[in-house]
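>>> have a look at this prediction, sequence included:
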Amino acid sequence: MGWSWSVPFTLTVVSVVIFRQATVSGQDAVKMKLRCYRCDSETHPGCDSPAQLKSEWHQDCTGFLGEDRCLKIVGPGVLVSRGCGGFRDGGNAGEGCYPNGNGQSCICDTDYCNTAAAHFGVFNKAMAVFCGFLLIFATKFYIM
């Protein structure tokens, strides 16, 4: 077919990198200095739009007791607040968005994941599975 040994090798490296990124847990994210956007739409124009988020709003969440997640809170009206958060009492909630009074709270545990309402963790995990299947296919049918 014209494939050389470098294609399966490249697929292996890419698969390992994507798999490692996709499977980082919240605890690992803390050790790796989780970073989130920190802003609110009342004092930071553009905070309510993912396309207008600025690098000056980056925050290192490491060292904040119980703040091992990124949060995005959408309040009544157009109020949006982003920052570090978590559970000081050791509680835990799954990633995703939850109703919060007249608004919504979203929680996630990867760098800058508080940009949008949906968290891309599921996408990363799906990509890891896809790369795994691609790697198996490449090694089974093209390496002799």
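That came through, no problem. Numbers count the residues shown, from 1 in each chain.

>>> return the distance of residue 44 relative to residue 100.
When distance is defined by Cβ to Cβ, to the nearest Å, residue 44 is 20 Å away from residue 100. Glycine gets a C-beta too; all of them are placed from N, C-alpha and C.

>>> same question but for residue 113, I mixed them up
Counting by Cβ to Cβ, the gap from residue 113 to residue 100 is 18 Å.

>>> and if you look at residue 115?
Remark: distance between residue 115 and residue 100 (Cβ to Cβ) = 18 Å.

>>> mind listing what's buried in stretch 35-45?
Neighbour-count burial for stretch 35-45, counted by 16 or more other Cβ atoms under 10 Å, picks out 35-41, 44.

>>> and which of these is nearest residue 69?
Taking Cβ to Cβ as the measure, residue 69 lies nearest residue 36 of the buried residues of stretch 35-45, at 8.1 Å.

>>> mind listing the strands for the chain?
Under the criterion DSSP state E, strands of the chain are mapped to 35-37, 39-40, 58-60, 69-74, 80-85, 96-100, 103-108.

>>> which one of the ones you listed lies closest to residue 48?
Of all these, strand 80-85 comes closest under Cβ to Cβ, at 4.1 Å.

>>> thinking again about what came up before, neighbour count: residue 115 and residue 100, which is higher?
The neighbour comparison of residue 115 against residue 100 (other Cβ atoms under 10 Å) goes to residue 115, with 18 against 12.
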